[in-house]
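Asker: pasting the sequence and the predicted model now:
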Amino acid sequence: MRYTCAMPAATFTAIIEPDEDGYHAYVPALPGCHTWGQTIDEARANLVEAVALHIEGMRADGEEVPFEPDSLLVTRVTVPLAS
C-alpha cells in the first residue's frame, strides 16, 4: 500500500497583463514577485515557480508569508472623466 502526503498550498491573486514582449505576471500580496512569459499559460507557469521561490526566500530570511483572506474581491470600476 502506498501512502502520499499532500504538501500544504496557498492561493494568491495573480495579475497577468499584456506588455511589449508577451505577458507580465505578478502577485500583489508579494511585492517584488514578478515574472513574464510569451503566452498567458507560460506567464502563469513561470509565476507559480516565482511565487514558490519568493516564499522560500522569505522563509529563509525569517519573514512571515502574507496570506490573502478567502473573502478577497477583485473587480473593475468605471470612473467618469472630466473633459
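Answerer: It's in.
Asker: all strands for this protein, in order.
Answerer: For the chain, strands defined by DSSP state E occupy the ranges 15-19, 22-26, 34-37.
Asker: quick one, which of the ones you listed is packed in tightest?
Answerer: strand 22-26 (a mean of 20; mean count of other CB atoms under 10 Å). Yep, even glycine has a C-beta here, placed from its N, CA and C like the rest.
Asker: tabulate the strands of the chain in CSV, adding columns for mean pLDDT and distance to residue 69.
Answerer: Output for the strands of the chain, formatted as CSV (pLDDT from 0 to 100; distance: least, CB to CB, whole Å):
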stretch, mean pLDDT, distance to residue 69
strand 15-19, 96, 17
strand 22-26, 97, 19
strand 34-37, 98, 23
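Asker: and those as CSV, adding distance to residue 64?
Answerer: Output for the strands of the chain, formatted as CSV (distance: least, CB to CB, whole Å):
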stretch, distance to residue 64
strand 15-19, 22
strand 22-26, 20
strand 34-37, 21
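Asker: and those strands: which comes nearest residue 47?
Answerer: If you check each of the strands of the chain against residue 47 by CB to CB, strand 22-26 wins as the nearest, at 4.2 Å.
Asker: so that closest one versus strand 15-19, what angle?
Answerer: Calculated by axes from the mean of the first three to the mean of the last three CA atoms, to 10 degrees, strand 22-26 forms an angle of 150 degrees with strand 15-19.
Asker: adjacent strands (with direction) for strand 22-26?
Answerer: Paired strands of strand 22-26, with direction, are strand 15-19 (antiparallel), strand 34-37 (antiparallel) (DSSP bridges).
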